[in-house]
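Asker: take a look and give me a structure for this.
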Amino acid sequence: MSRIAIELIPRDTQSLIEDLATVRQIAPDVTTINLPDLLRLPLRSWEGAALAQGQGYAAIPHIRAIDIDPDAPLPCAEQEGLREILVIAGDPPPDSTHRIWANSSADIIARYRREAPHLTVYAAFDPYRRAPWQELETIQQKRDAGAAGFFTQPLFDQRLFDLCASWLENDRVFWGLSPVIGPKSRAYWERVNHVVFPLDFEPKLDANIAFARTILEAVRARGESAYLMPLRVPLADYLTPLRDLLTP
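Answerer: Okay, here's the model as predicted:
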């Protein structure tokens, strides 16, 4: 397996420091932290990335394409020590006064490749929110713009993993995994991300860990990478049973 990344939400400085310490204790071989950019929180992704870098991690902050002012400098372009970013389209902001622009992910990927060629730029792959042919067309546009690889939305079905693996056969991929615990969590993924769960899906921690083990073993066999996004579950509860698969 190339790499394992842990996605940590930068809620605030103290909680991020505590989460980084937990990751270091449980999975000392993990060297990469993936940081989403959530407008409702005080820390932007690149601020969280700087904090993770200060703790010795490689950091991959998310950049929201719709937030990028065409006439302003690119976020992270000059951030010391930063080597990778993930460009996402970006959901509409919760605050209507927050300014957005009509940028696609491909637009911003191409701009980073022109203006910050030292950065490795990843793109998002989402098999749920629209028809596969539409997503695959967009994926090709991101490749053409210079994307170095893809971070998938978390997957919950072995068969969908196999299908997506065939679509991304020649790409560098970070496969997403996230626990879904309880009916409210499941309903959130279905409502917001349009996830279609398999009929035998169990929204229980043990079942989610078993599925993560299956996918991590498959990813390791493929020589690819993965990221774990332990939402609404204590980090230790999710990462500890997977500890043996979080090593190079």
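
Asker: surely residue 226 is in a strand?
Answerer: Yes. Under DSSP: H, G, I helix; E, B strand; the rest coil, residue 226 sits within a strand.

Asker: that one reaches residue 218, doesn't it?
Answerer: No. Applying CB atoms under 8 Å, one finds residue 226 not in contact with residue 218, separated by 9.6 Å. (Each C-beta comes from the backbone N, C-alpha and C, glycine too.)

Asker: compare these two and say which is more crowded by neighbours.
Answerer: residue 226 (25 against 16; other CB atoms under 10 Å).

Asker: quick one, what contacts the more buried one?
Answerer: 1, 4, 5, 174, 175, 176, 177, 215, 216, 219 (CB atoms under 8 Å, 6 or more residues apart in numbering).

Asker: packing partners of the strand or helix carrying the third one?
Answerer: Read that as residue 5. With secondary structure defined by DSSP states H and E, residue 5 is part of strand 4-7. The elements that strand 4-7 packs onto, with contact taken as 3 or more CB pairs under 8 Å, 6 or more residues apart in numbering; DSSP states H and E, are strand 32-35, strand 225-228.

Asker: the last one pairs with which strands, parallel or anti?
Answerer: To tie it back to what came earlier, the one meant is strand 225-228. strand 4-7 (parallel), strand 173-177 (parallel) (DSSP bridges).

Asker: average pLDDT for the shortest one?
Answerer: Computed over strand 4-7, the mean pLDDT rounds to 98.

Asker: repeat that for the last one.
Answerer: Taken as a whole, strand 173-177 has a mean pLDDT of 98.

Asker: what do you get for stretch 103-119?
Answerer: 97.

Asker: hang on, the earlier thing: now do the strand holding residue 5: distance to the chain's middle.
Answerer: 8 Å (CA atoms, centre = their mean, to the nearest Å).

Asker: so after it, what's the next helix or strand?
Answerer: helix 13-26.

Asker: mind giving me the packing neighbours of that next one?
Answerer: helix 45-54, helix 235-239.

Asker: kindly recompute the last result at 10 Å.
Answerer: strand 4-7, strand 32-35, helix 45-54, helix 235-239 (3 or more CB pairs under 10 Å, 6 or more residues apart in numbering; DSSP states H and E).

Asker: pull out the buried positions in that helix.
Answerer: Within helix 13-26, the residues that qualify as buried are 16, 19, 20, 22, 23, 26, counting by 16 or more other CB atoms under 10 Å.

Asker: what's the answer for stretch 185-192, then?
Answerer: 185, 186, 189.

Asker: closest one of the residues you listed to residue 130?
Answerer: residue 189 (15.9 Å; CB to CB).

Asker: which residues are in contact with that closest one?
Answerer: Residues near residue 189 by CB atoms under 10 Å, 6 or more residues apart in numbering: 128, 153, 154, 156, 178, 180, 195, 196, 197, 203, 231.

Asker: quick one on the thing from earlier: can the strands paired with strand 225-228 go into JSON lines with extra columns for distance to residue 112?
Answerer: Converted to JSON lines, the strands paired with strand 225-228 look like this (distance: least, CB to CB, whole Å):
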{"stretch": "strand 4-7", "distance to residue 112": "19"}
{"stretch": "strand 173-177", "distance to residue 112": "18"}
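
Asker: pull the longest helix from the protein.
Answerer: helix 205-222 (DSSP state H).

Asker: wait, isn't residue 21 in contact with residue 55?
Answerer: Yes. The criterion here is CB atoms under 10 Å, and residue 21 meets it with residue 55 at 8.2 Å.

Asker: element containing the closest residue to residue 82 other than its chain neighbours, please.
Answerer: The shortest distance from residue 82 to any non-neighbouring residue, by CB to CB, 6 or more residues apart in numbering, is to residue 76 (5.6 Å). Using DSSP H and E, residue 76 maps to neither a helix nor a strand.
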